[in-house]
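Asker: Could you work out the structure for the sequence below:
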Amino acid sequence: MFTRSTAFAAASLLCLALPAVAEGLSGRYAVAGMNPDGSKYTGTVDLVENGGAVSMTWQVAGSNYAGAGPVDGKVITIRWGDPEPVYYVITPTGELHGTWAGGTALEKLTPLP
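Answerer: Predicted coordinates for the structure are as follows:
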């Protein structure tokens, strides 16, 4: 029988599980992207979530880049030193699909095991 105490216990477990979902963004990702000029690149990204924000470090073509920004629902906005931020959408599979350089460049982050 579904009682008030059962409902409270279920709600409590759900609340405890929510931070784990958010923390699920942290980790290493394979990155594949396309620059504004159409050239392609690959590399890795280390992402660390801290509350409602993330920090990211890219290793691409022998160069390192770093940025940080807020998570707002399924959208991550990363300021990384360029006038235009990178905007990512969190997909149901855990991939991050992004655009940068005012929408003229694309990037996909795929979680690594």
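Asker: can you map out the helices along this structure?
Answerer: Taking DSSP state H, the helices of the chain run over residues 4-23.
Asker: which regions of it sit below the pLDDT cut-off?
Answerer: Within the chain, the stretches with pLDDT under 70 are 1-23.
Asker: quick one, strands of it?
Answerer: 27-34, 40-50, 53-60, 63-72, 75-78, 86-90, 96-100, 105-111 (DSSP state E).
Asker: doesn't E107 make contact with A32?
Answerer: Yes. Under the criterion of CB atoms under 8 Å, A32 is in contact with E107, at a separation of 7.4 Å. Just so you know, the C-beta spots here come from the backbone N, C-alpha and C atoms, and that holds for glycine as well.
Asker: neighbour count winner among these two?
Answerer: Neighbours per residue (other CB atoms under 10 Å) separate A32 from E107, with E107 holding more: 21 against 14.
Asker: list the contacts for the more buried one?
Answerer: Contact partners of E107, counting by CB atoms under 8 Å, 6 or more residues apart in numbering, are 31-34, 86, 88, 96-100.
Asker: what about it, distance to A101?
Answerer: Using CB to CB, to the nearest Å, one gets 10 Å for the distance from E107 to A101.
Asker: ditto for A61
Answerer: Going from A61 to A101 by CB to CB gives 16 Å.
Asker: Please apply the same query to A32.
Answerer: Distance of A32 to A101, computed by CB to CB: 16 Å.
Asker: ditto for V75
Answerer: To A101, V75 is 17 Å away according to CB to CB.
Asker: what's the answer for A53, then?
Answerer: 22 Å.
Asker: Give me the neighbour count for the spatially closest residue to L106 that is not a sequence neighbour.
Answerer: Distances taken as CB to CB, 6 or more residues apart in numbering put M34 closest to L106, at 4.9 Å, once the chain neighbours are dropped. M34: 16 surrounding residues under other CB under 10 Å.
Asker: That's all I had, so thanks and see you.
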